[in-house]
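Colleague: next comes the sequence, and after it the predicted model I'd like to discuss.
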Amino acid sequence: MPVPEDPKEPAAPKGPGKPVKPVGGAARELVVRNRHDSIPMDLLFRGDGAEPAKPKSPGAPEGERGTGRTRAAAPAGEASAPEGSRPAPCPPRPDRDLVERRGRACSGWWALLVALLALAGAGALVWSGGLLPARLTEFLRLPERPSGQGLDAWRWASVGGCGVVVLFALGGLTRGRVGSAWTLSLFGRYRGSVRRTGLVWISPLMLRRRVDVRLRHWRSEPMTAVDAQGVELRVVVLVVWQVKDAARALFTVDDHTEYLREQVEAVTARVASRLPADSFREPADDVPTLRDAEAVGDALTRALAAECRAVGVEVFSARPTRVEYAPEVAAAMLRRQVAALDAKHRDSVLTSVLDAVDDTVHRLTERGLVALDDYERKALVKDLTVAFYTSRGTAPDSR
């Protein structure tokens, strides 16, 4: 059935070609109508010319405006994050430019040798000018020079240069210790680290700061934490750590030891909040608690190592040495623990008594020592239960 033409719409072209703009009035988009929908005319002839530009959406990124493309859907199995959600916190990343490297230094004995040679050269110049004292000349057994000869300008400059060399050589002497490193900086810029031991010469123009790189351990004070059930705790942690990168430990933070202590407190509070301190349910072996020192220590070590890696500190282990309840809740939790232990003890006693009664009745009836009906069997079981409970020092409930 032919579709009636809309008198307000211009007629569509019968053959292939570009859409014709209406004559007179404002330009309007040409469409082809059928029974169910309307199709814009420019979509039919898109291959003949350039794709028409689409209006830019104010919320789309700059690279996606006017392209007519949509973002690819997320792969299967990966849920897209909601718009208002924040990413999970991650440990700070270390600065790639600030990495410990070897600083320029040499043996201090070479500096001493250079200082002695420069001193000898200056003395020779002074002696050649007749300015060396007579007593020193006799002590060194040097031939006498006529006094009052003096030194010319280039010899005075040479003497001054030798003095500068001596001061520069002796001013850079220092002692390198085992388990420590010198961190060098010049005009606020990091210039390297020196871990040599013994007599070492470092340029006196460098600003030197000593950093302890030995393996160290630190025992914390009782720290406040809350377990998964909201019970306040006091936790003591033993941390074994070492400065791995002296440059980051010195320049990344003001005090790397104070940073370590604060991170220990933060990580301990975060790990302790995931598990309960004790489990009063049965079976208790299947419920992880903070009493599992090895598992809790591994979690503390991983979390603390990730937080301290950015400041050049390597954490070898972090183990909880003591987990206690806060004084204000210790008495209540102790009563709860005693009640749980008493219930567990009663359950074990009841199990053993029932096993003993069942074994006794089974042997009596199997060997034909007694013939019991249901009433007599119940009475015997009751008497044996009372007797076994009494022998174990636990009075049964009178029911």
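Modeller: That came in fine, so what should we check first? Numbering: from 1, shown residues only.
Colleague: number of residues surrounding Leu205?
Modeller: Leu205 has 12 neighbouring residues, counting by other C-beta atoms under 10 Å. For the C-beta atoms, the positions are set from N, CA and C on the backbone; glycine is no exception.
Colleague: any weak-confidence spans in this structure?
Modeller: Counting by pLDDT under 70, the chain shows low-confidence ranges at 1-97, 129-151, 280-286, 330, 392-399.
Colleague: quick one, domains of it?
Modeller: Domain ranges of the chain: 1-45, 106-212, 216-325, 340-391, per automatic domain parsing.
Colleague: out of these, nearest to Leu98?
Modeller: Leu98 sits nearest to domain 216-325 of all these, at 5.6 Å, using C-beta to C-beta.
Colleague: between the two ends of that closest one, how far is it?
Modeller: Terminal residues of domain 216-325 lie 29 Å apart, using C-alpha to C-alpha, to the nearest Å.
Colleague: likewise stretch 171-184?
Modeller: Here the two ends of stretch 171-184 are set 15 Å apart, with distance taken as C-alpha to C-alpha.
Colleague: now the phi/psi pair for Thr183, please.
Modeller: Thr183 adopts backbone torsions of phi -100, psi 120, taken as degrees, to the nearest 10.
Colleague: from what I can see it touches Arg209, true?
Modeller: Yes: between Thr183 and Arg209 there is a contact at 4.8 Å, judged by C-beta atoms under 8 Å.
Colleague: before we move on, back to that, winner for burial among the domains of the chain?
Modeller: Mean neighbour count (mean count of other C-beta atoms under 10 Å) peaks for domain 216-325 among the domains of the chain, with a mean of 17.
Colleague: show me whatever sits in contact with both of Thr183 and Arg209.
Modeller: Residues touching both Thr183 and Arg209 by C-beta atoms under 8 Å, 6 or more residues apart in numbering: Leu250.
Colleague: where does the spatially closest residue to Arg377 that is not a sequence neighbour sit: helix, strand or coil?
Modeller: Distances taken as C-beta to C-beta, 6 or more residues apart in numbering place Val361 nearest to Arg377, at 6.9 Å, with adjacent residues excluded. Secondary structure, DSSP: H, G, I helix; E, B strand; the rest coil: Val361 is helix.
Colleague: separation between Val361 and Arg367?
Modeller: Distance, Val361 to Arg367, by C-beta to C-beta, to the nearest Å: 11 Å.
Colleague: can you pull out the strands in the stretch 101-250 of the chain?
Modeller: 106-107, 173-176, 180-186, 189-194, 198-201, 207-212, 216-219, 223-226, 232-243 (DSSP state E, counting those that start in this stretch).
Colleague: direction included, what does the shortest one pair up with?
Modeller: Translated: strand 106-107. Looking at strand 106-107 with DSSP bridges, its partner strands are strand 198-201 (antiparallel).
Colleague: tell me the contacts of the residue nearest to Arg377?
Modeller: Taking C-beta under 8 Å, 6+ apart, we find Val361 in contact with 377, 380-381, 384.
Colleague: could you measure from it over to Leu350?
Modeller: Using C-beta to C-beta, we find Val361 at a distance of 16 Å from Leu350.
Colleague: one more: Leu304?
Modeller: Between Leu304 and Leu350 the distance, using C-beta to C-beta, works out to 46 Å.
Colleague: give me the nearest residue to Arg177, chain neighbours excluded.
Modeller: Thr197 is the one closest to Arg177 (C-beta to C-beta, 6+ apart), at 6.5 Å.
Colleague: what about the helices in the stretch 251-399 of the chain?
Modeller: Under the criterion DSSP state H, counting those that start in this stretch, the stretch 251-399 of the chain contains helices at 256-272, 293-308, 327-366, 374-391.
Colleague: got the contact list for the first one?
Modeller: Think helix 256-272. The contact list for helix 256-272 (C-beta under 8 Å, 6+ apart) reads 218, 220, 223-227, 233, 235, 237, 239, 241, 243, 249-250, 253, 290, 296, 299-300, 303-304, 307-308, 311-313, 318, 320, 323.
Colleague: what do you get for the second one?
Modeller: Contact partners of helix 293-308, identified using C-beta under 8 Å, 6+ apart, comprise 91-92, 237, 239, 241, 259-260, 263-264, 266-268, 270-271, 274-275, 288, 290, 314-320.
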